[in-house]
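Participant: The following comprises the amino acid sequence and a computationally predicted model.
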Amino acid sequence: MLDQLNALKLEIEEAVAATKTVGELDDIEIKYLGRKGRLTSILKGLAEIDEATRPKVGAAANRIKQEAERIIAKGRVALQERSLSDLGEREREDVTEPGLRPPEGHLHLVTQAIREITAIFDRIGFTRTRYPEVDWDRYAFESLNMPADHPARDEWETFFMDAPTSKTNGRMVLTPHTSNAQVRELERGEFPVRMINIAKCYRRQSDATHVPMFHQFEGLYVDRGVSITHLRGVLDYFATSFFGPGRKTRLRPFHFRFTEPSFEIDVSCGVCGGTGLGADKQKCRVCKRGWLELGGAGMVHPNVLKAGNVDSKKYSGFAFGWGVERTYMMKEGMQIDDIRILYKNDVRFLKQF
């Protein structure tokens, strides 16, 4: 049995020396030292050896097993070092060669629009503000001269919150417009007010020109002697700065509870060029008539000034509110005929901007 053990050791040494991969070495270890390996088979014969010789043979078997394990471990280290050395030779890098730039993202085009709008109004002294997007009925409706039966205060139009009702402020809502900022800004009592509030709004609408969540920018200018002339000047300035000189705007008399007089502002459609016809000579999918409504505007109603603790005999002002997404759709060269694509997260579309 001692001769068999010594022969097994030599056989292991030769097998390890001839091994070329770590995988082959693992197979050798299982073959010779595994639970059903060659060494185990030899040691099964210990029971047939006389008791006087058995301890000597057992000690020799343990020694040979330890030496075999050492030989295999040494061979594994050598193979791993050789593998790394070969890899370094095969994949040696030229550190002087220019690297590959990783793909870079960019701001969403709605964020780009918000920043551009902010910069345009900043040049004429309007300060960007942020007011709650979850607000009280008082600021979203009541202080804006809207009666209790106004359609906008219906649950089919506005998202009301499942929250406790305030005795002084009413129910909580997801703001349907950024006009909730008007009275909050007036309550500060600092004049003149030149505010541009840009925030998310929520309404129960979804079609080519509406989404349930969208952004608005609310402008408010209150000072002594403010007139419609100032309003028209600011709107024309914005339209020229944002859309370019080739686009036209118009004011249409309208009725809003929080302004008097009130107007809706239209801009000539950038998709059909103001013709009202699409590429297929049918009605333009976006505007239908060559004009697209961007939002409302008008002189701040005396009741709104009163709600903000402002004396309407001393101060006057104008306000306007436009949708950011809809405004951006009409920008020169955009050619977006469905507002919902802005939020589909289609990288093929978004990476164009």
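Facilitator: Cool, got the structure.
Participant: Can you report how many residues lie near residue 337?
Facilitator: 18 (other Cβ atoms under 10 Å). Every C-beta, even on glycine, is put in place using the N, C-alpha and C of the backbone.
Participant: wait, is it part of a strand?
Facilitator: No. Applying DSSP: H, G, I helix; E, B strand; the rest coil, one finds residue 337 to be coil, outside a strand.
Participant: That one and residue 293: what is the separation?
Facilitator: 16 Å (Cβ to Cβ, to the nearest Å).
Participant: next one: residue 200
Facilitator: Applying Cβ to Cβ, the value for residue 200 to residue 293 is 20 Å.
Participant: before we move on, what about residue 24?
Facilitator: For residue 24 relative to residue 293 (Cβ to Cβ), the value is 77 Å.
Participant: next one: residue 208
Facilitator: 13 Å.
Participant: Tell me the pLDDT of residue 270.
Facilitator: At residue 270, the model reports a pLDDT of 68.
Participant: pLDDT weak spots in the stretch 151-300 of the chain?
Facilitator: The stretch 151-300 of the chain contains residues with pLDDT under 70 at 156, 209, 270, 286, 288.
Participant: can we see that at 90?
Facilitator: 151-170, 176, 203-214, 235-236, 239-240, 242-251, 257, 265-295 (pLDDT under 90).
Participant: Do a quick rundown of the strands in it.
Facilitator: 172-174, 193-202, 213-223, 249-254, 259-268, 291-300 (DSSP state E, counting those that start in this stretch).
Participant: Any chance of CSV for those, columns mean neighbour count and distance to residue 349?
Facilitator: Output for those, formatted as CSV (neighbours: other Cβ atoms under 10 Å; distance: least, Cβ to Cβ, whole Å):
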stretch, mean neighbour count, distance to residue 349
strand 172-174, 20, 27
strand 193-202, 21, 21
strand 213-223, 22, 17
strand 249-254, 14, 28
strand 259-268, 21, 23
strand 291-300, 22, 20
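Participant: Identify whichever of those lies nearest to residue 129.
Facilitator: Closest to residue 129 of the strands of the stretch 151-300 of the chain is strand 193-202 (Cβ to Cβ; 4.9 Å).
Participant: Give me the contact list for the closest one.
Facilitator: 114, 117-118, 121, 124-131, 133, 158-159, 174-178, 181, 185-186, 212-223, 317, 323-324 (Cβ atoms under 8 Å, 6 or more residues apart in numbering).
Participant: can you check stretch 321-329 too?
Facilitator: With Cβ under 8 Å, 6+ apart, stretch 321-329 has contacts from 109-110, 113-114, 117, 177-179, 198, 201, 209, 211, 214-219, 242, 265, 270-271, 286, 292, 294-297, 334, 336, 339, 342.
Participant: ok, 7 Å please
Facilitator: Contacts of stretch 321-329 with the rest of the structure, by Cβ atoms under 7 Å, 6 or more residues apart in numbering, involve 109-110, 113-114, 117, 177-179, 198, 209, 214-218, 294-296, 334, 336, 339, 342.
Participant: Can you give the domain ranges for this protein?
Facilitator: Taking automatic domain parsing as the criterion, the chain consists of the domains 2-90, 109-350.
Participant: Name the stretch among the ones you listed that sits most buried.
Facilitator: Of all the domains of the chain, domain 109-350 carries the top mean neighbour count, a mean of 17, counting by mean count of other Cβ atoms under 10 Å.
Participant: That one: end-to-end distance?
Facilitator: One end of domain 109-350 to the other measures 7 Å (Cα to Cα, to the nearest Å).
Participant: Same question for stretch 142-160.
Facilitator: Per Cα to Cα, the first residue of stretch 142-160 is 15 Å away from its last.
Participant: Going forward, count from 670.
Facilitator: Renumbered: residue one is now 670, and that last one reads stretch 811-829.
Participant: correct me, but residue 842 touches residue 804?
Facilitator: Yes. With contact defined as Cβ atoms under 7 Å, residue 842 counts as touching residue 804 (6.5 Å).
Participant: Got the phi and psi for residue 696?
Facilitator: As for residue 696, its main-chain torsions (degrees, to the nearest 10) stand at phi -60, psi -40.
Participant: Excluding chain neighbours, what is closest to the residue nearest to the spatial centre of the chain?
Facilitator: Nearest to the geometric centre of the chain sits residue 777, at 7.7 Å (Cα atoms, centre = their mean). Nearest non-adjacent residue to residue 777, counting by Cβ to Cβ, 6 or more residues apart in numbering: residue 1019, 6.9 Å away.
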